[in-house]
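Here is the input, now give the coordinates:
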Amino acid sequence: MKSFVVCSLIGLMLLVAVAEVRAECDEEKAPDESDFKHFFKNLGCKVNQGAKDVAEAAKPYADKIGEGAKEFGSSVAHKYDEIKHKLTDEGPTTPKAPIAYDAPTEKVPLAPIGSSPPPAL
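Numbering: from 1, shown residues only. Coordinates of the predicted model:
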């Protein structure tokens, strides 16, 4: 779902940018414009047009991915609800028996915390 929103925002920004740049791309080289500036301006127009073509070509795939993500999310939510209700409605399957520890426990001395010198060999 997030990818669909991101793709939509990118597409919208590209459309706005194309509208602004299209006016610049249609213009011929101005007499006071250098060849360097004109080259990059023309290159920018071509890259922009290519990005628009890619966005348009990817739109059906993005729509399909978005629909699949929605279906997957709803199926996971539905399955979660089923399992949640199944677990809460049935109750525990094993009877709870009281736990009693009647056996005596053995006391084990703990190791000293401080470091002790190693035994001599």
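
other SSEs contacting the lengthiest helix in the chain?
If you go by DSSP state H, the chain has its longest helix at helix 35-90. If you count contacts as 3 or more C-beta pairs under 8 Å, 6 or more residues apart in numbering; DSSP states H and E, helix 35-90 packs onto helix 2-26. For every residue, glycine as well, the C-beta is placed using N, CA and C.

average pLDDT across the helix it packs on?
The pLDDT scores in helix 2-26 average 61.

same check, this time on stretch 114-121
69.

same deal with stretch 76-87?
On average, stretch 76-87 scores 90.

could you dump that stretch to PDB, C-alpha only?
Presented in PDB, the C-alpha positions along stretch 76-87 are these (Å, rounded to 0.1, in the frame of the first residue of the first chain):
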ATOM      1  CA  VAL A  76      -4.300 -11.500   6.700                       C
ATOM      2  CA  ALA A  77      -6.600  -9.400   8.900                       C
ATOM      3  CA  HIS A  78      -9.500 -11.800   8.300                       C
ATOM      4  CA  LYS A  79      -7.300 -14.800   9.200                       C
ATOM      5  CA  TYR A  80      -6.100 -13.000  12.300                       C
ATOM      6  CA  ASP A  81      -9.600 -12.300  13.500                       C
ATOM      7  CA  GLU A  82     -10.600 -15.900  12.900                       C
ATOM      8  CA  ILE A  83      -7.700 -17.200  14.900                       C
ATOM      9  CA  LYS A  84      -8.200 -14.600  17.700                       C
ATOM     10  CA  HIS A  85     -11.900 -15.500  18.100                       C
ATOM     11  CA  LYS A  86     -11.100 -19.200  17.900                       C
ATOM     12  CA  LEU A  87      -8.600 -18.900  20.700                       C
END
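
The chain should start at 326 in everything you say after this.
From this message on, residue numbering opens at 326, which makes the last subject stretch 401-412.

what does that stretch rub up against?
Residues from elsewhere that reach stretch 401-412, judged by C-beta atoms under 8 Å, 6 or more residues apart in numbering: none at all.
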